[in-house]
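K.L.:
Quick one, fold the following:
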Amino acid sequence: MGSIFGATLFGIDALVVEIEVRLLSGQYGRFLLTGLPGAAVRESRDRVKAAILASGYEFPRKSVLVHLAPADQRKDGPLLDLPLALALLAESGQLPHERFPRVLAAGELALDGRVRPVRGILAIAAAARELDIDAILAPAEIAEQAALAHAAPVYPVRTLAEAMAVLAGTASVDPARPAQPEVDVEGEDDVRDVRGQELAKQALAVAAAGMHNLLLVGPPGSGKTMLARRLRALLPALGDDASIECSRIASVVDPTRNTRVSRPPFRAPHHTASAAALVGGGVQLRPGEITLAHNGVLFLDEFAEFPRVVIEALRQPLEERTITVSRVAGTLTFPADVCLVAAMNPCPCGYRGHPKVACRCSDHEVRRYVQRLSGPLLDRIDLRVEVAAVDVRELLEPGPRTGSIDLRTAIVRARELQTERFTRSLTRVNAQMSPKEVERFCVPDPEGHRLLLKAADTQHLSARSVKRILRVARTVADLRGSATIASADVAFALACRTTLPLHE
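P.N.:
Have a look, this model is predicted:
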């Protein structure tokens, strides 16, 4: 038999493992694994033996030595069950002849020989492109996802016996076709459902057009969460490269997913989430919520209720669009290009500044509440919008309202302008512009320039804040289809920088 490869996950990437098997004279039943196997890999000895016997094959009556190369990388998880069993059966002469010289397989084996789905199948298939693999064997439930990598023909298998038949050439199994895009639900979470809040809706469109971070501040019931959850409907569909990248990340956390991610992800972790859950880490260095929201939206409701250490962990990824996680197990860099949308009350009771409900919080309580958000973190949020309480009469009043489809049309046009603008750059949207690009593309007209200088003096704006205001103004102009940043665009960007009450 030729070479049989498996793979193990390291973050959102796959490490290809070559399976080497030798049958040695000695004590029957001895099964040795070398090459830094983790607990799940060591347990595979019993799963593999049971699956081989249940599938009608003979387990070798010799000592078995299995080496997982490279030897200096730790391997964990059940992904190596299927390739280990195939290599063992090939070495014992139970595979009639070889059909593929180089095969990569991934799958967990049930005790009755069934092949179960595993995490990260798309990352595994993508890693096979570098090794000139002739065929990939993947669990049937997720084989279409593996085919998205276009690395080699992917053969779906449901059992160990079927995998052996594919390798022997005795089974007529057609290669899997690439997975289809996920199905969108038309009319779901439409902006039209939100009454009033026109400034917040405009800010939502700006956030979607330029991927600007957004903070919504207002009392309970004012529509903050409704607005945030409707941002995903405004975002354009993902391009091919971004779609494959998001599908690869999704496959690492969802072993049963067999569709291609075509819409920007939307993640909304609870405010009790830990820092590791948000930014990634753990024993196996898995991606966090900010990576799972890559190319999409990370929504943090009750923003000020998150522990401060968790909130502050966002400062670096919001600026650099990546996050580096260093642990004893290793160091990994995860993608973290997200549009952060946060929602919070203005005070602990939620009614600070409400026209009809009195606030019960003291100034000290309000200050302690809002100061959980540091100045450097707020500096990284381009749009800070006050969402006031909506009058009941406005809620009940019928009439035409702008919907998500109308806003998305203008947003798509704005994205097209940005694509033309950044043709020769790695930048994709306005929020990612470098300082040099800001100087080149974000020059306001004379009136807008004077307005910005006045605001910088009176509001004591930092250099980062000024750059972010110019980026937002550029996006507002793009939504209008204008090449010039007018004073009204700068004024809107300044209006969307609400100062939190008693925040110093």
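K.L.:
From now on I want contacts and neighbour counts done on CA atoms only, so please keep to that.
P.N.:
Fine.
K.L.:
shaky segments in the stretch 351-500 of the chain?
P.N.:
393-401 (pLDDT under 70).
K.L.:
if you set the cut-off to 50 instead, what comes out?
P.N.:
Within the stretch 351-500 of the chain, not a single segment meets pLDDT under 50.
K.L.:
Please enumerate the strands of it.
P.N.:
For the stretch 351-500 of the chain, the strands defined by DSSP state E, counting those that start in this stretch occupy 383-386.
K.L.:
same thing with the stretch 51-200 of the chain?
P.N.:
63-69, 102-105, 108-109, 115-116, 135-139, 154-157.
K.L.:
Include mean pLDDT, distance to residue 25 and mean neighbour count when you put those into TSV, please.
P.N.:
Listed next are the strands of the stretch 51-200 of the chain as TSV, based on pLDDT from 0 to 100; distance: least, C-alpha to C-alpha, whole Å; neighbours: other C-alpha atoms under 10 Å:
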stretch	mean pLDDT	distance to residue 25	mean neighbour count
strand 63-69	93	6	19
strand 102-105	94	28	24
strand 108-109	97	27	26
strand 115-116	96	30	26
strand 135-139	96	31	27
strand 154-157	96	33	26
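K.L.:
Looking at these, spot the one closest to residue 414.
P.N.:
Among the strands of the stretch 51-200 of the chain, the nearest to residue 414 by C-alpha to C-alpha is strand 154-157 (39.0 Å).
K.L.:
Which secondary structure elements does that closest one sit against?
P.N.:
For strand 154-157, the contact count by 3 or more C-alpha pairs under 8 Å, 6 or more residues apart in numbering; DSSP states H and E identifies strand 135-139, helix 143-146 as packing neighbours.
K.L.:
Now distance to residue 87 too, for these, in TSV please.
P.N.:
Converted to TSV, the helices and strands packed on strand 154-157 look like this (distance: least, C-alpha to C-alpha, whole Å):
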stretch	distance to residue 87
strand 135-139	13
helix 143-146	21
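K.L.:
who wins for proximity to residue 30 among these?
P.N.:
The closest of the helices and strands packed on strand 154-157 to residue 30 is strand 135-139. By C-alpha to C-alpha, the value is 27.8 Å.
K.L.:
The closest one pairs with which strands, parallel or anti?
P.N.:
strand 102-105 (parallel), strand 154-157 (parallel) (DSSP bridges).
K.L.:
Enumerate every residue touching the closest residue to residue 488 other than its chain neighbours.
P.N.:
Spatial nearest neighbour of residue 488, excluding adjacent residues (C-alpha to C-alpha, 6 or more residues apart in numbering): residue 448 at 7.4 Å. Residue 448 is in contact with 485, 486, 487, 488, 489, 490, 491, counting by C-alpha atoms under 8 Å, 6 or more residues apart in numbering.
K.L.:
residue contacts, the residue most central in space within the chain?
P.N.:
Nearest to the geometric centre of the chain sits residue 292, at 2.3 Å (C-alpha atoms, centre = their mean). Residues near residue 292 by C-alpha under 8 Å, 6+ apart: 246, 249, 250, 265, 267.
K.L.:
any idea which of those residues is closest to residue 460?
P.N.:
residue 267 (34.0 Å).
K.L.:
quick one, domains of this structure?
P.N.:
Taking automatic domain parsing as the reference, the chain has its domains at 3-168, 191-429.
K.L.:
re the thing from before, using a markdown table, lay out the strands paired with strand 135-139 together with distance to residue 134.
P.N.:
Below are the strands paired with strand 135-139 laid out as a markdown table (distance: least, C-alpha to C-alpha, whole Å):
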| stretch | distance to residue 134 |
| --- | --- |
| strand 102-105 | 5 |
| strand 154-157 | 9 |
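K.L.:
nearest to residue 326, of those strands?
P.N.:
Scanning these with C-alpha to C-alpha as the criterion, the closest one proves to be strand 102-105, at 29.7 Å.
K.L.:
ok so, going back, okay, the domains of the chain in JSON lines with distance to residue 470 next?
P.N.:
JSON lines is the format used below for the domains of the chain (distance: least, C-alpha to C-alpha, whole Å):
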{"stretch": "domain 3-168", "distance to residue 470": "35"}
{"stretch": "domain 191-429", "distance to residue 470": "10"}
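K.L.:
Out of these, the one nearest residue 454 is which?
P.N.:
Closest approach to residue 454 among the domains of the chain is made by domain 191-429 (18.5 Å; C-alpha to C-alpha).
K.L.:
Just the ones of the contacts of residue 292 in helices?
P.N.:
246, 249, 250 (DSSP state H).
K.L.:
which residue sits closest to residue 237, ignoring its sequence neighbours?
P.N.:
Residue 237 sits nearest to residue 263 (C-alpha to C-alpha, 6+ apart), 5.1 Å away.
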